[in-house]
Structure formats: structure tokens, C-alpha cells
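Undergrad: let me see the structure of the following:
(chains A and B)
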Amino acid sequence: MTKNGSSEFRLVGTRPNRPDGLDKVTGRARYGADASMPGMLHGAVVRSPHAHARIVKIDTSKAEALPGVKGVVTRADFPTGLTGEDWDLQENTMAGEKALYDGHAVAAVAATSPLLAQEAARLIEVEYEVLPHVIDVDDAIKPDAPAIRPGAADHSVPEGSPPNVVRYLEFGHGDIEAGFAEADLVMENTYKTEATHQGYIEPHACVGQLGADGKGEMWVCTQGQWYIRRMCAAVLGIEAAQLRVTPSEIGGGFGGKTTIFMEPLSLALSRKAGGKPVKIVMSRSEVLRATGPTASASMDVKIGMKKDGTITAGYANFRMQGGAFPGAPVDMALYCAFAGYKLANVKHVGYDVLANRPKCAAYRAPGSPMGAFAVESLVDEMARKLGLDPLDVRLKNAVREGDKASYGPTFGSIGLVETLEAAKAHPNLKAPLGPNQGRGVACGYWFNHGGETSVSMAIGEDGTATVSVGTPDIGGGRASIALMVAETLGIDYDDVRVNVVETGALGVNEPTHGSRATFASGKAAVESTNQAIKEMCRRAAAEWGIDPEAVEWVNGAAQPTSSNAGKFAPMTIKEIAAKMGSTGGPISGHYEGLPSGVGASFGTHVVDVEVDPETGRTTILRYLVVQDAGRAIHPAYVEGQYQGGAVQGIGWALNEAYIYGEDGRLQNPIFLDYRVPVASDLPMIDTVIVEVPNPGHPYGVRGVGETGITPPLPAIANAIEHATGQRIRHLPISPPKLLKAIKSAAPSGPTLQAAE
Amino acid sequence: MRYHSPTSFDEAVGIAAKAQGVTRFLAGGTDVLVQMRAGAVLPDDLIDVKKIPGVRDITRTPDGGWKIGVAVSGAELGAHEELCRDWPGVVEGMELVGSTQVQGRATLTGNLCNGSPAADSVPGLVAAGATVTVTGANGTREVAVQDIPSRPGKTSLAQGEVISAINLPPRGENAGDAYLRFIPRTEMDIAVVGCAVSLRVDGHKIVEARVALGAVAPTVLLVSDAADALIGSTLDDAALEALATAARAACKPIDDKRGTVEFRVDVAGVLARRAARIAYDRAKGVSK
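TA: The predicted model follows:
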């Protein structure tokens, strides 16, 4: 393990200014809603006020008669016959026979101004036949729940299952009953988490243009321009190659911008309006009602533990709803739930359940925070019961390189033990706790993804380098890639420019998801750079008249490998670049493939809280994130990812939740009542970057963006039990819920024990 | 929508009296403009009162009280040292409204006329015994602040009436006030419960008190039983407990997304105790 700040590299591990920094602080950066085109129209979307309703009739005549209105679309304007995920995307873009959730789009209109478009949207009359709805996952899985989409279940679902179960999975190894029999303590509890939204500050926005010839363009805020292209093309029945998609700067995504919502509507409206570009910008309320939050979960966990803390068996049964469409991340939740524990006996069962809520999208480590909440809460409860230190229990059972993972494969190089040891050694563990204060720890896990990747890099005439990547920069990808390319080439960081490019400029790229940009685009950029270096060595060899194999690249210059090869002064990149036009033309490198050698990341969090025993309000006193980065290319960005993940997890644990009325309508579709933490709610989040290099990446990078949101949910619940004696198994641990628990435990009035 | 910017309250009243459809007065606009942009309120007549002379003034009245113009922002209130010395509870209630940016625009009068039972500045005004001057077609009248909101989102003002000033009584000696609210976060939130206490001491003994509660009923409540629990006491534990009990007894809250009935009732008592302690310390000059 090397600590942050290792100096074996010239640039990797330093903290230069971010390349997008000046544009962002001066307001020059162009986000989704900044796009503007000549002759542009503005779109507005009509949304269902009902959680579940048959659409009887849509009358658009009044809207169409309004001067300034240039086009109205309903589902009738979309092609039929789609299947599978494409049908789901189309159905979510625009409701067909039924509105499936409050906020589901049912019509859209384009007009010459945003105000006119909104007025026209109000003139569209939709007649609904309201149907019974279901919101909560435990209600949705009941056999007599309103059937949302009969026939949506896939082949995995056993005959006779409740109507809203659409996917079932079961996996594990060993013999859990034998494992439980070996245990000194077996405990089983049920845990619930509510759906939360990514809460990106920038709402979805796009300008779409589509002509009668089937050629179109889109400018959009997204994590993945090729996904936008593929999905819009499928939903609209056009050819992908005819749609050119340019990503904007992005004001947060966290997974929520890896799919489509209103983007096809702007194209459909444009097509209807004679090919004029149509801009659609969502309001915050539309973002919360109609884009993808994460799933909500109801989870049973059973664990067997010996007196010394050894875990003998684990069982998890998770039910998750991801809205009115298949896709709740119950699989990922189960893969991650026990990932930190070396278990001989483990069994997982999962149900993906439909409910009348918006279609879930990816949210930072999708599923993993829920699984961690259930398992890491129960492990803490058992450690407490057995009088064991919670970090020691985790160390005792921690997975190491070569161990079989709870979800099947064998771990390569991983850093869980190193994060636990670094957490134990941190001064926060020795900070004294006062009355009503408590400390909680928990671990978390997330994968790393390679995925379809295409990158190119080119040497400029002056010896600088331009890198084209297809992964929008949501977490510092451009800075990290520039550092790695500059390190590899032997030039300055400022001499590399990394551009996130449109779909016409590269082969297909998956979005920035799966904590992959710095890993996959980074690895691809280094391989591209090595190609260019090889070519530069060849050019030098040709000039020197020696074998290219006898030339090596050192400190930004070609030089003979030894004096036997020839006596020549090093030829710098500037010299080679200056004359490349006469030595063979442009010098570039490129990569197309599926980068392998991913590096998963474990983290350990330690949180200190204070609970006001009279109001149930929880204050975060100290927060420590320790996580394995493999190698931190730009440590400030890595710390930012750790802190951001922790903050989102803190919000999820304490206050964030989708609140529905009896009528199935979302009651808190504004940031006033959907309570993400504000800056003054938080202490500075302390970070420790552990570096157990990933052997699969040229600089040792692991994906770091997602793991950080996983431990906070249980860590905070564990700290609150330490502070109050109350175990809350249903998030969020809001003041009314916690106060009720405190008071019911001490009916004569709250008197809390001082924490030790 | 017609936008008006009258230069006197009489002119404003004239416009409002003639208006047929939805009418809104505009001062800071931190509620009205947001409601308009959300499409929740689309006024036919928008009457901007900021151009009327004197509406940005904070004036000491001859009796030692204060007259606060209807367009004075929260930031201006908080920057007024003498007013803060006299009525720290009133000012701290207003300063809890919104963000720093909102504080540059939001006004006491607007917060009152928005009609929210959770308005942070209103309990402090009620506990202070503040009144408003209402201008109408037939001249002006003085109305106690607690009589302005009639139910959530509504006021008792008639069509063609407008608030033209807020009046705070003379503070006098050995007095203090305080406002506390409960929110799940630390700022940028709506009160789940709010409580203001204003009192006067003679030595250690409380001789005058007013207690107001917010967000626990359709309008802000002036709770005389809670005040009575304080008057005559030295804020001993028994008085604090009686105060909490009286405050809780006055609550008629609802269950909603922001809090349960049980929670609101309980926390109303907690905040009453805590606000009373602060007001008591301020009255005795122990703290600001």
C-alpha cells in the first residue's frame, strides 16, 4: 500500500487546476439549457396528475389553434411494434394506453416561446379513467395489488407469483442452514429504504432538431451521448447514424443522466414542426416527478455469528421497486450486500417489483447503498450484542485477494483490509464523545466497469496533444486523463487538452457510468498515447536511419536505446511534431475496445453524530471516508468524489425521501421539501485515500466515484443507535421518526445515557 | 397581466379596488414571483409597491416604537443596530426566511401576507404585540398582526386594502424576545414548528409575557395560557413545564410531509421552553 502523495510519477498524484475551472467560475461553461439555435421553438410537456389511469381521450385542438403553436405530439406520433427495453423507453417517454405514474408524459407541444408552450400545454385536454394504484414496495408485491403491467414478468419469475413481480433471482453458495447451526448468535431483521433522487443541480435540458429526411441533431446535458443517440433512434424509429448528438457541460448526473426522458419529445416535436429545433428544459418539479430516482427497498437479512465475530452464514431476501418498469437494481444490491465478507455459506433472493412511480435510473452505485444498509446495520447490531468492536468484526471477516466473493467470482487485488486498518488508525476514532453522541462505522463496495470505449489522441504541430474522449466529465475525467497522457508523453499538463466529443467524432462509447471514465477512457488514452509514441519513435528512427526497435521514448523525446544503436541527441516531441507534415503526416493514436482489468473499490466510513433527545434531530459532528482509489491520479478530485458520495448518503440516511399522498401523487417535488443536505448541515468531510494499485490499469486506477455513497446509510444508523439506544431500520431517520422511537423507549421523558 | 407601479398607497388602493381578476401586491417578490413562475398564481393585476416613497424606511416613532416600511428587506432589518437591540426576536425570525439572496428582497409584510402558518417572521411580530397599518378606500386602520392571516394562504384584508406599514411598540426596559423554529436541516427550510416569546422582568420575576406559535395551526397563534404560565415566575422548572404544557395544549396541527401532529405538539413545548430561556436572558441583559 502506498499512501496518497507517492512521488514515483512526475504528474500523476498532483493537483493542478481543473481544465473546466475558469469556464465554470466565470459562467462561461455551456450547460444543457444554454444551447440556442436560429429559429428555435420551445417545448412543454403535459404530464399525468394520476398515479395510474387509463387515457381515454386526448384533445389537442385548442392547443393547436393557439397562435404560435407549431406542433403537438402524443403517443400516436411514435412508431409501434417496439419490444423489450426499447418499448419501456418509448412508454416512459410518452404514455400509451395508460399513465403509469404521477408525472408521466402524455402529450407535448412546441411553440415560439416558453410561455406560449406552457399555455398551450394547459389547453390540451386529457380524459382519464383513474385506476387503483400502488406505491410502496411491500404493498406492490402483494398478490392482490393492482396489476400494473400484466405480462411484463420475464422467464425468471416462478408461475403463480404476484402480478407486479417482473424478475426473480436467487444465487449463493455453501449451506446456509449448516452455517446458521454453527453460529452462537443468529439474528434476522427487516430493513427499508425510500427512493431518493440524484439531486443533480442542473435539470435535464436539450435542443433537438429532426427533419423530414430523417437527419437530426441534438445538443443535450447527458452522461452518454451515444446512449442518447441509440435510445432516441429506437424510440423514434430513425437511423442512429443520422442523429448527431453533442453533449453539453454537465451540472451533475450521478447516473441519472445515462438514459432518456424528454429528449425524444424534442425530436418528435421538431419533426412535426417542419424541422425547426425544439428546446425542452425541465423544471425541478418535472425532474423529481418524471426522471429516474433510485429504487425503494424492503429487505430481510439473516446472519449467523460466532462469539468471536466470525460470520458463519448470511441470507438476504430483497424486494425492490424501480417504478412502473422492470429494472430495480435488486441484482446489484444483492451482489454488493455481503461483498465485504468472506462467507462459506451465503444465499441471496431478489424480487424486482413494479409500482406506480417513475422509472428508476442509475444512482451512484445503484442498489449497493440499500444492501449495505441492511447488512451493515445487522452486523453492527450483532457486534453490539456480542460486545465486539465493529471494525474488528469487519476485519475478522474481510475479503482479501484470492477469496471467493459472495456473488461468485474470486477477488483479485482489493483494498478492504487496508481501508479498515487506516480507519482504525485515524484520529477521529479517538475523538471523545459527549452526551447524546455516538459513533458508527460501516463498509461499502462498488464495482468498476470497462465498457465500450473509443478514444483518439493527436499530436499538434507544436508538440502539444489533443485527446478526444466520449465520456462526459462528471467527476474530473478530463483533468485525470490529461495528467495521465502528459505523464506518458513526458510533456506538461497544460500542453494536453482533453475534449468530450460528439457522436460523429469517435466510435461508440458507453456513458460515464460504472465509475469508468478515468479507468476506461484513461486506459484507452494511455494506449492511444503509446501508439503515438511508437510512431514518433519510428519517425526519429527513419531520420537517424536506424531500426525503430532501437529507439525509446524518455522524458518527452525519442532517443537511441543505447550508444550501440547510434549516437544521436534526443529528438524532442516538439521537433518531431514540427516536421511531421514532411515525415509521414499527422501523428495520432487511437483505441477501440472493451478495457479489461477493472479495479473495484472498497470503503470504510466512520461517523460521529449528536442527537437532540428532545427533537430527534441528528447533527453530523465528524465524518471520515477511507477508500481505496487504486491510485489517485488527481487526489483533489478523488477526495471530492469521496465527500460527495458521503454527503448524498447522509441525505439519504437522514431526510431525503419521495413522499406520496393517498392519491399516489408526489407531495415533495421541490428542493424545499425534498431535503438534500445543505452546506451548513455538514462538517468538512475528512478523507483518507488508500492506494492499493489496480494491476489492470497502467497507473493503477480503480473506479472511485460510486463506493462513497454506500456506507453512510448504515454508518449513520449505527451511530444513532450508539447515541440514543434506538435502532432505526427504516430510512430516513427523520426527526419525527427518531423522536418517536426515543420517547417510546423512555415514556417518562427522554433521558439518554451519555455515550461512552 | 397588467403591471402597476403606484407612487402612493392611495393610488395602490385605487388600482386594487378596480381590479377584477386575480390581484397581487409585489414587494420583494420572493413568494409572488416564485408562484408566478411555477404557474401556481397568474395575476391579472400586479401592483408593485416598491416605488411608493418611504417603503424602505425604518423609523423610530415619537413614543419610542418603530415603523417599518413594507419593502424593507430582511437584510436591511438585520443591519439596523437599534432595531436589533430592541427586538432581536423579531429580527431573527425574519432573518431565517430563505437564503442570503432571498434576504436581500424578502419583507416582513410579504411574509405576513403570504398567509403561511409557518411564516418565520410572524410569531416574533405577534409576540411583540406588533400591529399593521391597513390603507383602504376609507383611510387607514390599525390591525393586530395575529388578525391578518385568516387561514393558510389567505388574509383578512378586503379587496382594495393594502398594508402600508408595520408598527412595533416601544420596547421599554428589562425586556427581551426570541424566536426559534424547528427544521430538519440548518437553513433553507420551512418551519415544522416555530415559537416566539417576548417578556419583561422586574428583577428575576417575569412581569409581562407574550407567547406565539407557528406551524401548529391554520394561523399563527397567540397563546395567552402559555404567557400566563410565565408571568409571575422566575422561569423556574415548574414554570417552564407549565409553559410547555400550555403551548402543547394550544396546538391544532396537521400531519403532513413536514411533520406529524404528535411531533409538532411535542416540539412546540420544547421550543417554547428554549425560546423563553433566551428571551429571559436577553431581558436580564445576560445575552443578546
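
Undergrad: which ones are touching residue A:9?
TA: Contacts here follow C-beta atoms under 8 Å, 6 or more residues apart in numbering or on different chains; on that basis residue A:9 touches A:487, A:699. From N, CA and C alone the C-beta is placed, and that goes for glycine too.

Undergrad: distance of it from chain B?
TA: Separation of residue A:9 from chain B (C-beta to the nearest C-beta, to the nearest Å): 41 Å.

Undergrad: quick check: residues of chain A near chain B?
TA: For chain A, the contact set with chain B under C-beta under 8 Å from any C-beta of the partner chain comprises A:118, A:283, A:285, A:614-617, A:654-655, A:659, A:667-668, A:672-673, A:675, A:677-678, A:680-681, A:734-736, A:739-740, A:743.

Undergrad: and for the residue of the stretch 151-288 of chain B found nearest chain A, the neighbour number?
TA: In the stretch 151-288 of chain B, the residue that lies nearest chain A is residue B:263 (3.9 Å; C-beta to the nearest C-beta). Burial of residue B:263 is recorded as 25 neighbouring residues (other C-beta atoms under 10 Å in any protein chain shown).

Undergrad: can I get the helix or strand encompassing it in PDB, CA atoms only?
TA: For residue B:263, the host element (DSSP states H and E) is helix B:261-283. C-alpha atoms of helix B:261-283 as PDB (Å, rounded to 0.1, in the frame of the first residue of the first chain):
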ATOM      1  CA  VAL B 261     -49.200  16.000  14.700                       C
ATOM      2  CA  GLU B 262     -47.500  14.200  17.600                       C
ATOM      3  CA  PHE B 263     -44.100  15.700  16.600                       C
ATOM      4  CA  ARG B 264     -45.400  19.200  16.200                       C
ATOM      5  CA  VAL B 265     -47.200  19.200  19.500                       C
ATOM      6  CA  ASP B 266     -44.300  17.800  21.400                       C
ATOM      7  CA  VAL B 267     -41.700  20.100  19.800                       C
ATOM      8  CA  ALA B 268     -43.900  23.200  20.400                       C
ATOM      9  CA  GLY B 269     -43.400  22.600  24.100                       C
ATOM     10  CA  VAL B 270     -39.600  22.100  23.700                       C
ATOM     11  CA  LEU B 271     -39.200  25.300  21.600                       C
ATOM     12  CA  ALA B 272     -41.400  27.300  24.000                       C
ATOM     13  CA  ARG B 273     -39.000  26.400  26.900                       C
ATOM     14  CA  ARG B 274     -35.900  27.100  24.900                       C
ATOM     15  CA  ALA B 275     -37.200  30.400  23.400                       C
ATOM     16  CA  ALA B 276     -38.400  31.600  26.900                       C
ATOM     17  CA  ARG B 277     -34.900  31.000  28.300                       C
ATOM     18  CA  ILE B 278     -33.300  33.100  25.600                       C
ATOM     19  CA  ALA B 279     -35.800  35.900  25.900                       C
ATOM     20  CA  TYR B 280     -35.400  35.800  29.700                       C
ATOM     21  CA  ASP B 281     -31.600  36.100  29.400                       C
ATOM     22  CA  ARG B 282     -32.000  38.900  26.900                       C
ATOM     23  CA  ALA B 283     -34.400  40.700  29.300                       C
END
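
Undergrad: which strands or helices does it pack on?
TA: Using 3 or more C-beta pairs under 8 Å, 6 or more residues apart in numbering or on different chains; DSSP states H and E, the elements in contact with helix B:261-283 are helix A:735-745, helix B:88-95, strand B:175-182, strand B:193-202, strand B:205-214, helix B:237-250.

Undergrad: to the chain's geometric centre, what's the distance from that helix?
TA: 17 Å (C-alpha atoms, centre = their mean, to the nearest Å).

Undergrad: any buried residues in the worst-scoring helix or strand of chain B on mean pLDDT, and which?
TA: Lowest mean confidence among the helices and strands of chain B (mean pLDDT, DSSP states H and E): helix B:32-37, at a mean of 91. Buried residues in helix B:32-37, counted by 16 or more other C-beta atoms under 10 Å in any protein chain shown: B:32, B:35, B:36.
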